[in-house]
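**Q** Sequence plus predicted model, see below.
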Amino acid sequence: MRNLLIPLLMVFVLAGCATPNTEVPEVEDVARKLEEQKQHLFVFKNRDAQRQRFLNISLPLMKSAGDLCETHQPEWGIRIWHDKMISEGVRSAIKREYDVGPYLSIRDVFSGFPAEKVGVKRGDVLLKVNDWALPADQSDLKMILAKLDETLKKNKNGDVELVVQRGEERKRFFISPDAICDYKLVLDFKDQERNAFTDGERIVVTLPFMEFFQDDDELASVISHEMAHAIMGHVEAKQRNATLAAAPAFLAEMALIFLGGVNTGGDLTRAAAAMGANAYSVDFEKEADYVGMYVYARTGRPLEKMPDAFRRIGLMSPRSIAGEETTHPTSAKRFVALQKTLEEVKNKKKQGLPLLPNMKDGEIAPGQKEDKESQAP
């Protein structure tokens with residue numbers, strides 16, 4: 001009886017609801033499916049343009065800041081793709097628009113990097129990489145990519161010989177890579193928040209953040225800031241601070257359990273760890289702004305644009321303009337401090353000095369430790 005009551009109640013409620021009064025056109029399945037394909041293609045093109053923009057901005061930053069970073073990775077300045085890298089539901093529509101198939105081919109060639117300089121072009125189909133000839137059947141993409149990775153790692157200096165098919169021609173290229181900072185670049189299409197961050201290994205930017213910063217110089221400024229966090233080891237420092245703060249709290253909790261029979265469930269330790277992690281958060285952000293200006297300046301972009309980027313952050317979050325500083329400086333303070341750093345960088349450029357941040361007494365600029373030690377008697 002109870003199972004019948006709910007459907008009957010729903011029928012009664014719906015019967016009393018208002019209904020539309022106009023003759024709305026019917027949508028045929030064929031037209032709907034066609035429009036779905038068009039919209040999927042529209043989304044793909046937009047995201048692909050943002051992906052290229054992200055890499056076109058980030059890769060030169062990673063290259064110019066190479067001597068500030070402790071570890072490096074080879075960068076040839078190309079990206080490859082295969083039709084199986086595209087979602088099956090939209091693959092056919094995208095293949096009609098792009099030169100991509102069931103084989104590895106060049107998707108991107110980035111300006112100023114080795115592949116472009118030797119003449120590699122978008123659409124070139126890979127036939128051979130060093131001593132490995134790619135099989136005609138590349139349907140097992142996972143295996144193909146694993147073999148490609150294995151082949152590239154065999155040559156420690158990163159030099160690569162490529163044989164490609166371009167139309168009716170076969171071409172051979174020898175590419176020596178640039179050394180760039182060893183961070184993974186991630187454009188996050190899933191997170192709908194405006195955000196950019198680093199975990200010390202990755203530089204992550206969300207799509208809404210990219211769309212908010214339409215100016216490439218301003219976007220480069222924020223990416224430089226995140227790179228500076230990684231260069232200065234801020235993530236690791238915050239983790240160490242959290243551990244140091246949590247240790248006595250943990251011991252206190254153990255004492256409460258064994259001596260007083262009180263179990264806080266780890267709340268005290270978690271609270272102490274959070275306090276430790278944020279103890280110097282504002283100062284780390286200031287340092288990332290400062291060092292980030294040096295990262296940004298090395299690419300030759302207009303220096304005035306970096307303070308402007310942090311003025312724009314005030315537009316994104318008006319609460320950040322003034323008030324209490326919990327994890328970040330106010331955007332007003334950041335702008336003024338960056339203006340001062342801008343003048344410092346300009347003066348160093350005029351004097352022909354290396355673009356390295358000023359360090360406290362006894363401290364060595366990031367990435368310079370090895371050089372200093374090698375010069376020691």
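**A** In hand now; what should we look at? Numbering: from 1, shown residues only.
**Q** Can you pull out the low-pLDDT segments for the stretch 151-300 of the chain?
**A** Flagging of the stretch 151-300 of the chain using pLDDT under 70 yields the residue ranges 156, 246, 249-250, 253, 262, 272-279.
**Q** would you list every one of the strands in it?
**A** 160-166, 169-175, 178-181, 184-188, 196-198, 202-206 (DSSP state E, counting those that start in this stretch).
**Q** So for K45, which of those sits nearest?
**A** Of all those, it is strand 184-188 that lies closest to K45, at 14.9 Å by C-beta to C-beta. C-beta coordinates here come from the backbone N, C-alpha and C atoms, glycine included.
**Q** With mean neighbour count and distance to K154 added, can I get the strands of the stretch 151-300 of the chain in CSV?
**A** What follows is the strands of the stretch 151-300 of the chain, written out as CSV (neighbours: other C-beta atoms under 10 Å; distance: least, C-beta to C-beta, whole Å):
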stretch, mean neighbour count, distance to K154
strand 160-166, 17, 10
strand 169-175, 14, 15
strand 178-181, 22, 18
strand 184-188, 17, 22
strand 196-198, 18, 31
strand 202-206, 21, 26
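**Q** quick one: which of those strands is nearest G362?
**A** strand 178-181 (25.0 Å).
**Q** which residues sit against the closest one?
**A** 59, 62-63, 65-66, 68-69, 71-77, 113-114, 227, 230-231 (C-beta atoms under 8 Å, 6 or more residues apart in numbering).
**Q** coming back round to it: would you mind putting the strands of the stretch 151-300 of the chain into CSV with distance to K346 alongside?
**A** Listed next are these as CSV, based on distance: least, C-beta to C-beta, whole Å:
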stretch, distance to K346
strand 160-166, 39
strand 169-175, 36
strand 178-181, 24
strand 184-188, 29
strand 196-198, 26
strand 202-206, 26
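**Q** Figure out which of these is closest to I364.
**A** strand 178-181 (17.6 Å).
**Q** Given the closest one, what are its sheet partners and their directions?
**A** strand 72-75 (antiparallel) (DSSP bridges).
**Q** Tell me the helix or strand right after the strand it pairs with.
**A** Of the helices and strands lying after strand 72-75 in sequence (DSSP states H and E), the nearest is strand 78-81.
**Q** same for that following strand, what does it pack against?
**A** Packing partners of strand 78-81 (3 or more C-beta pairs under 8 Å, 6 or more residues apart in numbering; DSSP states H and E): strand 105-109.
**Q** report the angle between the axes of the strand it packs on and strand 160-166?
**A** Put simply, strand 105-109 runs at 110 degrees to strand 160-166, going by axes from the mean of the first three to the mean of the last three C-alpha atoms, to 10 degrees.
**Q** picking that back up, among the strands of the stretch 151-300 of the chain, which is nearest R298?
**A** strand 178-181 (11.5 Å).
**Q** Spatially nearest residue to D217, not counting backbone neighbours?
**A** Take D217 and drop its neighbours on the chain: the residue closest to it by C-beta to C-beta, 6 or more residues apart in numbering is K305, 3.7 Å away.
**Q** Roughly how far does that neighbour sit from F173?
**A** Distance check for K305 against F173: by C-beta to C-beta, to the nearest Å, it reads 35 Å.
**Q** Kindly state the domain boundaries assigned to this structure.
**A** With domains defined by automatic domain parsing, the chain comprises 77-176, 184-363.
**Q** Reformat the ones you listed as a markdown table; add distance to Q37.
**A** Listed next are those as a markdown table, based on distance: least, C-beta to C-beta, whole Å:
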| stretch | distance to Q37 |
| --- | --- |
| domain 77-176 | 4 |
| domain 184-363 | 19 |
